[in-house]
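Visitor: Fold the stuff below for me.
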Amino acid sequence: MKKTAQSTTARQKMLNRLQKLEPGALVRYSDFASLGIAPGTVAVNLSRLRQQGVVQQVAKGTYRLPKQSRFGPVPVSEQQVLQMLLQMPNKKLRGYPTGVTAFNRLGLTTQVAQEIQIATPRPGRPKKVGNVRVRFVRSRGDMKPEQVKLRQLLDALRHIKRLPDTSPAAALPRLREQVKQLPLAEKTTLARLAQDYNPATRALLGALLEGLGENKLAAKLKASLNPLTTYKLGLSEQALSNRAQWKIR
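Guide: From the prediction side, this is the model:
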């Protein structure tokens, strides 16, 4: 009898916590840690609440409060999937969004991603979270939250020939403008992070920085390149006036 009463009390505490959340909110075991309930009890109660339709399971250890619209149930959003996969309890970064999702946010494509790509040091198998497909790719170097946009810019430079619904010549001015808007400290970090990328990415970034008057940063990138190698990126002299100095075609 005592165990049943304790279980009921734990369940009621959890329900009280859930009632304070907005419909559609994500819930993890750790969200109930401050209630003084054993992790096993939390897991059992969430499983029972799922069976009763109070919460929905979207992935192992992660649940969601149901959300309805006039058109029916609202599925898990891309943003929620990113929140779930990228945020760790200790606030360290598991990875960062790349691919079409990131390139769309950078204004480089209007295409909507069919799947989310996440760059991470230890890629796992593809998975499906709710209705969202997720694929993992290997990141280049260690990651810090403040460097996510810089790495996304480098990823875009690296894939400039394969950006969807655009051409290298059309994408380059947008990338140049975004690099131009960075403070000098971030441009310096960008050039340093580029050392983890392939030579073509370093050459293209070097050409952009040189064109923006950041000659010291450009010189460091040029020093990392083989002077005999050429890079076929589909860029004309009109699109990149200093391409010859960087062996870019």
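
Visitor: secondary structure class for the spatially most central residue of the chain?
Guide: Among the residues of the chain, the one closest to the centroid is P97, at 1.7 Å (Cα atoms, centre = their mean). Judged by DSSP: H, G, I helix; E, B strand; the rest coil, the three-state class of P97 is strand.

Visitor: Pull the contacting residues for it.
Guide: Neighbouring residues of P97 by Cβ atoms under 8 Å, 6 or more residues apart in numbering: L82, L86, R105, I116, Q117, I118, A119, Q152. C-beta coordinates here come from the backbone N, C-alpha and C atoms, glycine included.

Visitor: now for the top strand by length along the chain, which elements pack on it?
Guide: Longest among the strand segments of the chain by residue count, using DSSP state E, is strand 132-138. If contacts are counted by 3 or more Cβ pairs under 8 Å, 6 or more residues apart in numbering; DSSP states H and E, strand 132-138 sits against helix 78-86, strand 116-120, strand 127-129.

Visitor: got the contact list for the last one?
Guide: Judged by Cβ under 8 Å, 6+ apart, the contacts made with strand 127-129 from elsewhere in the structure are V58, A59, V76, V81, M84, L85, R133, V134.

Visitor: How about the second one?
Guide: Outside strand 116-120, the residues that touch it by Cβ under 8 Å, 6+ apart are 78, 81-82, 85-86, 94-102, 132-140, 143, 151, 155.

Visitor: what do you get if the cut-off is 7 Å, keeping everything else the same?
Guide: 78, 81-82, 85, 94-99, 101, 132, 134-137, 139 (Cβ atoms under 7 Å, 6 or more residues apart in numbering).

Visitor: could you list every residue that touches V27?
Guide: So V27 contacts L18, V55, Y63, R64, L65 (Cβ under 7 Å, 6+ apart).

Visitor: What helix or strand is the third one located in?
Guide: Applying DSSP states H and E as the criterion places Y63 in strand 62-64.

Visitor: What are the buried residues along that strand?
Guide: The neighbour-count check on strand 62-64 (16 or more other Cβ atoms under 10 Å) flags T62, Y63, R64 as buried.

Visitor: Direction included, what does that strand pair up with?
Guide: Strands that pair with strand 62-64, judged by DSSP bridges, come out as strand 26-28 (antiparallel), strand 56-59 (antiparallel).

Visitor: Of these, which is nearest N45?
Guide: Closest to N45 of those, according to Cβ to Cβ: strand 26-28, at 11.3 Å.

Visitor: Quick one: mean pLDDT for that closest one?
Guide: Rounded to a whole number, the mean pLDDT of strand 26-28 is 87.

Visitor: Would you mind listing the outside residues contacting the helix or strand that comes right after it?
Guide: Scanning forward in sequence from strand 26-28 by DSSP H and E, the next helix or strand is helix 39-51. With Cβ under 7 Å, 6+ apart as the test, helix 39-51 has contacts from S7, A10, R11, M14, Y29, F32, V55, Q56, Q57, Y63.
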